[in-house]
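**Q** Pasting a predicted model and its sequence here:
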Amino acid sequence: MSRLLATSLAAVALVVTTAGLASAQTQSTAPSMHGGTKLSFPATLGGATFDRSVNYAAPPANNPGQGIAYYYSTPKRLTVSVQVFDLGRRVPAGSENPTVTGQFNNEVTSAEQQFKFAGYTQFQKPSVPSTCTYGAISFRCVTYSGVTQGNQRVFSKLLLTGFRENFIKIRVDWSQAHQQTAADADAALQAFVPALMR
């Protein structure tokens, strides 16, 4: 494997790590339908293919408040992850309430810390997050990036909203090294999110 490819894969592996978790991710079996939200996670969703899930309520994490994360791959090799969690409380609906706003800020801070911990430099994000709408659902959103040790920029677009008393965190990750673009990421979200949130 080339050093560039290895570095790119390491970068993508970093950005798919769920923010704020101290324990290492372990693949585990999760139901294909989330009981609380009734969201379905089939083998194919919005053109993306299911890769794996992590159930944080199960061992070794044993942290029910962190919920379940589902990972998908798009035909252009972008990673789309969805985490459904409640942190042990009821989450108000929508993207503009203080509960979602506070958690969104925590997620961005955690992402920046993870980039620095991995040795990435030049972390960039807009000073003010946006509101993004996919289908009928609005999310608080931001795109951030960093530069790997191989001098390649990796990107993530983070979306967060409250839905059926849970946080729904969706993230798409892409890399300069794979000739992937923000337009590719947005096209993936335009197909994936409405298929998920119907």
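**A** Ah, there it is. Numbers count the residues shown, from 1 in each chain.
**Q** Helix, strand or coil: sort out Glu107 for me.
**A** helix (DSSP: H, G, I helix; E, B strand; the rest coil).
**Q** how far away is the residue lying closest to His178 once chain neighbours are set aside from Gly119?
**A** Spatially, and ignoring its direct neighbours in sequence, His178 is nearest to Arg77 (5.8 Å; CB to CB, 6 or more residues apart in numbering). Backbone N, C-alpha and C define where each C-beta goes, glycine included. For Arg77, the distance to Gly119 equals 23 Å [CB to CB, to the nearest Å].
**Q** again with Ala191
**A** 33 Å.
**Q** what about these two, which has more around it?
**A** Ranked by neighbour count (other CB atoms under 10 Å), Ala191 and Gly119 place Ala191 first, with 17 against 12.
**Q** Wait, Thr131 touches Phe139, no?
**A** Yes: counting by CB atoms under 8 Å, Thr131 touches Phe139, with 7.1 Å between them.
**Q** what touches both of those two?
**A** Both Thr131 and Phe139 are contacted by Ser95, under the criterion CB atoms under 8 Å, 6 or more residues apart in numbering.
**Q** neighbour-wise, which of the two wins?
**A** Neighbours were counted for Thr131 and for Phe139 using other CB under 10 Å; Phe139 has more, 28 against 12.
**Q** Tell me the secondary structure at the more buried one.
**A** strand.
**Q** Go ahead and flag the most central residue of this structure.
**A** Arg171 (2.7 Å; CA atoms, centre = their mean).
**Q** quick one: which helix or strand includes it?
**A** Assessed by DSSP states H and E, Arg171 sits inside strand 166-175.
**Q** Show the subsequent helix or strand relative to that strand.
**A** In N-to-C order, the element after strand 166-175 by DSSP H and E is helix 182-196.
**Q** Am I right that Leu45 is in contact with Leu196?
**A** Yes: here Leu45 lies in contact with Leu196, judged by CB under 8 Å, at a distance of 6.1 Å.
**Q** How about the contacts made by the nearest residue to Asn97 once chain neighbours are set aside?
**A** Using CB to CB, 6+ apart and skipping residues adjacent in sequence, the residue nearest Asn97 is Gly162, 6.4 Å away. Applying CB under 8 Å, 6+ apart to Gly162 gives the contacts Val91, Pro92, Ala93, Gly94, Ser95, Asn97, Thr99, Val100, Ile168.
**Q** Give me the buried entries from those residues.
**A** Among these, those classed as buried by 16 or more other CB atoms under 10 Å are Val91, Ser95, Val100, Ile168.
**Q** For Gly67, state which of these is nearest.
**A** Nearest to Gly67, judged by CB to CB, of the buried ones among the contacts of Gly162 is Ile168 at 9.7 Å.
**Q** could you check the distance from that closest one over to Met33?
**A** Taken as CB to CB, the span from Ile168 to Met33 is 14 Å.
**Q** in this protein, which spans are helices?
**A** For the chain, the helices defined by DSSP state H occupy 3-15, 98-117, 182-196.
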